[in-house]
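Participant: fold the following.
(chains A and B)
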Amino acid sequence: MTAVWAHAVATIAAAFLASLVEFVEALTIVLAVGIERGWRPALIGVGAGLAVLAILVLTFGPLLALVPIGLLQTVLGVLLLLFGMRWLRKAVLRAAGILTLHDEAAIFAAAARRLQGCESRPGALDTVALLTSLKAVVVEGLEVVFIVIALGAARGNLLPAGLGAAAALVLVVFLGLAIYRPLARVPENAMKFAVGVLLSAFGCFWFGEGIGLAWPAGDLAIPGLILGFLVVGALAVLQARRQATRAAASAPAP
Amino acid sequence: MKRLEAAAREVLGLFIEDTFLATAVLLWLAACGLLVPRSGIDPRIGGVLIFAGCAAILVWSTAKAVHKATAHRPPAAPDRALSSDWKGHQ
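Facilitator: Numbering: from 1, shown residues only, chains lettered A, B, ... in the order given. Got it, this is the predicted structure:
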């Protein structure tokens, strides 16, 4: 029973945090479109983007039931590891100062500048604005769909994964309406680090299950894997900082 | 056709950003998938092997990225950003 709860809670947390990051990124672009070009094309773009995502889910979702569970776990495990470790690597490099931090305010300003440079015919539907909004929703939404399916489909946990994503959506929409600005103060890198850790741990677990490993303590191996990736990620940040400092010290003086 | 290509690149980009990281993870998982179930290794050790390999690849990949970023650093302007990715280490 404890193992089932641990699994469900970890699934909700992973889906919530990962979806939060994606929804914040989508909100930035939709806000830029809405504020710069008007809310009609922005909201039509959001609606069209959601329709595209719904069609994709309804088309490909039922196919998952046809895949043997072992193969499904293996494939989802590999994809989760690729996805999670990509996020974790990026978060480590950002935390060490090697990559610049993601800046929602700067992205908002850049999107607004791009939109200001495009003309639209008065009275006609603003297709540039509509397509910008649609693309943001589809690109970020596709990641949310993948995360929910990857976390939930391998063991019938789609409900907790979906609940986590839905809670993130409600929170971002609420905050977007309340402050009417990009959510620039969200600690995005810390969240990406956490999501990278969680998705990598789930990926490892599903891949092991898929190839027929019996994890010690069953589902309770997941918290152990989360702890393991957390420690490795933190050590990687320290190592990257030390390496960068050494390189700076050994660089020839100007 | 171009739009399809762009969409495919976008989807692929979800999983592959750094070729070294993606290739190393895929090779390691392929090796584990082929060898662990057939070798009769204790499942606990099999699990630890999968995790340890992924952890080592992560550390190796970040070390490579730091090396690449710092190796291209112009000596005359230590605090200047090299590219959009390079922030410096002040």
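
Participant: residue nearest the centroid of chain B?
Facilitator: B:L21 (2.0 Å; Cα atoms, centre = their mean).

Participant: A:W215: what secondary structure?
Facilitator: coil (DSSP: H, G, I helix; E, B strand; the rest coil).

Participant: how much space separates the residue lying closest to the residue nearest to the centre of chain B once chain neighbours are set aside from A:M85?
Facilitator: The shortest distance from B:L21 to any non-neighbouring residue, by Cβ to Cβ, 6 or more residues apart in numbering or on different chains, is to B:S61 (4.3 Å). (C-beta placed from N, C-alpha, C; glycine too.) Distance, B:S61 to A:M85, using Cβ to Cβ, to the nearest Å: 8 Å.

Participant: what do you get for A:T245?
Facilitator: The value you get for A:T245 to A:M85, if Cβ to Cβ is used, is 25 Å.

Participant: pLDDT averaged over the longest helix belonging to chain B - what is it?
Facilitator: Using DSSP state H, we find that the single longest helix of chain B is helix B:43-71. Helix B:43-71 shows an average pLDDT of 91 in the prediction.

Participant: give me the below-cutoff pLDDT ranges for chain A.
Facilitator: Applying pLDDT under 70 to chain A picks out residues A:1-3, A:120-123, A:252-254.

Participant: hmm, try it at 80
Facilitator: Applying pLDDT under 80 to chain A flags the ranges A:1-7, A:61-62, A:101-104, A:115-126, A:153-157, A:180-186, A:217, A:250-254.

Participant: if we can go back for a sec, of A:T245 and A:M85, who's got more company?
Facilitator: Shown here are A:T245 and A:M85; by other Cβ atoms under 10 Å in any protein chain shown, A:M85 has more neighbours (30 against 14).

Participant: A:A14 - nearest residue in space that isn't next to it in sequence?
Facilitator: A:A14's closest residue in space is A:L198 (Cβ to Cβ, 6+ apart), at 3.8 Å.

Participant: can I assume that neighbour is in contact with A:F16?
Facilitator: No - the pair A:L198 / A:F16 is not scored as a contact, 9.9 Å apart, by Cβ atoms under 8 Å.

Participant: more neighbours, these two?
Facilitator: Legend: neighbour count by other Cβ under 10 Å for A:L198 and A:F16, higher for A:L198 (29 against 22).

Participant: distance of the more buried one relative to A:L175?
Facilitator: 22 Å.

Participant: repeat that for A:R94.
Facilitator: From A:R94 to A:L175 the distance is 23 Å (Cβ to Cβ).

Participant: overlap in contacts of B:S61 and A:M85?
Facilitator: B:L21 (Cβ atoms under 8 Å, 6 or more residues apart in numbering or on different chains).

Participant: skipping adjacent residues, who's closest to whichever residue of chain A sits closest to chain B in space?
Facilitator: With Cβ to the nearest Cβ as the measure, A:A247 is the residue of chain A nearest to chain B, at 3.5 Å. Counting by Cβ to Cβ, 6+ apart, B:T70 is the residue found nearest to A:A247 once chain neighbours are left out, at 3.5 Å.

Participant: same check on B:A24?
Facilitator: Going by Cβ to Cβ, 6+ apart, B:A24 has B:I57 as its nearest residue, at 4.5 Å.

Participant: so that neighbour touches A:M85, yeah?
Facilitator: Yes - assessed by Cβ under 8 Å, B:I57 is found in contact with A:M85 at 7.4 Å.

Participant: list the buried residues of stretch A:35-45.
Facilitator: Of all the residues in stretch A:35-45, those buried under the rule 16 or more other Cβ atoms under 10 Å in any protein chain shown are A:35-37, A:41-42, A:44-45.
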